[in-house]
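Engineer: got a sequence here, can you model it:
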Amino acid sequence: MRHLLTTVGLEHDQAVSILDVAEDMADVATRAVPKLPTLRGRTVANLFFEDSTRTRLSFEAAAKRLSADVITFSAKGSSVSKGESLKDTAQTIAAMGIDAVVLRHAASGAAEVLAGSGWIDAAVVNAGDGTHQHPTQGLLDAYTLRKTLHGDGSRGRDLDGVRVTIVGDILHSRVARSNVWLLTTLGAQVHLVGPRTLLPTGVDTWPVTTGTDLDAAIAERPDAIMMLRVQQERMHAAFFPHEREYTSAWGLDDARLERLATDTIVMHPGPMNRGLEISARAADSPRSVILDQVTNGVSIRMAVLYLVLSGSDPREVAA
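Structural biologist: Sure thing, here's the model as predicted:
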């Protein structure tokens, strides 16, 4: 496992094994000193060309818990503002001696370009590229679902038969795309809900069902409902008339929260627009696993960094 760029093409056994390795990594957090010497002497560079809080800090925490050295780059205030290219930025940082690059970039496909270009000799982990992919988010969501639904007996299990409804701005969401391909590979049934203007062209070729009626989807009693942020920074047209209309039709408000099945869990990749796609009560309710997603993200990213830097097959490590 040299790079992690996408969930598309990730094999079922590979994905389950990554989740199992993350289970081992989660145990580290319970220790008096929550660190492993596994990546001592290795350097991980976080290259973030887009704003981030959760993902950047999560990768930093993951690398440090594995005893790696961490270099964090933010495009704001850097030479990127002077016109420096991705190639030059990556090669400059690589010249300082790095073993892995965690890349977030506004351009879809940027991580694949960096991994396949030969510009640097380092492992590449995609931390989100445009509207394309965010594989570690998909993995942490799958891990959270598995752990919440299967409990302590989750090791080695997939998500066969689990029904997940993903709601909102599917068009601009790399999280939705990563989840669709990973969750269906693991056996889950995925249903996408949102305004027609925010459902991607060609979504009928995806391994999912789609709809525009959130209330009808809730009536189907899914195991999990995942609310997506309305990505206004990527919208260059009017995709819906007004925020109030969006909330009325596709927001998880207090009334819809009450109508959820008692065992339906509430998810959100963050950051949340409280009062728009999700109410404060829904976000903070006992059925919400949003903070669990954040916690589990560190374990998943520890597993991924370990696997790409050791070059191991996750199936052999998990065994």
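
Engineer: how long is stretch 37-56 end to end?
Structural biologist: Taking CA to CA, to the nearest Å, the first and last residues of stretch 37-56 lie 21 Å apart.

Engineer: before we move on, what about stretch 183-201?
Structural biologist: End residues of stretch 183-201 are separated by 21 Å (CA to CA).

Engineer: same check on stretch 210-222?
Structural biologist: Across stretch 210-222, the terminal residues are separated by 14 Å (CA to CA).

Engineer: any residues touching it, and which ones?
Structural biologist: 163-165, 167, 191-196, 199, 203-204, 225, 249-250, 252, 256, 259-261, 264 (CB atoms under 8 Å, 6 or more residues apart in numbering). For glycine as for every other residue, the C-beta is placed from the backbone atoms N, C-alpha and C.

Engineer: next, the buried residues of that stretch.
Structural biologist: Neighbour counts over stretch 210-222 (16 or more other CB atoms under 10 Å) mark 210, 212, 214, 217-218, 222 as buried.

Engineer: mind checking which of the contacts of stretch 210-222 are buried?
Structural biologist: Neighbour counting by 16+ other CB under 10 Å classes 163-165, 167, 191-195, 199, 225, 250, 252, 256, 260, 264 among the contacts of stretch 210-222 as buried.

Engineer: which other helices and strands does the helix or strand hosting residue 87 contact?
Structural biologist: Assigned by DSSP states H and E, residue 87 falls within helix 86-94. On a contact count with 3 or more CB pairs under 8 Å, 6 or more residues apart in numbering; DSSP states H and E, helix 86-94 meets strand 43-48, strand 69-74, strand 100-105, helix 110-116.

Engineer: which one of those has the most crowded surroundings?
Structural biologist: Per-stretch averages of neighbours, counted by mean count of other CB atoms under 10 Å, single out strand 100-105 among these, with a mean of 25.

Engineer: can you give me the offset of it from its chain's centre?
Structural biologist: Offset of strand 100-105 from its chain centre (CA atoms, centre = their mean, to the nearest Å): 14 Å.

Engineer: ok so, going back, of the buried ones among the contacts of stretch 210-222, closest to residue 36?
Structural biologist: The nearest member of the buried ones among the contacts of stretch 210-222 to residue 36, counting by CB to CB, is residue 164 at 31.7 Å.
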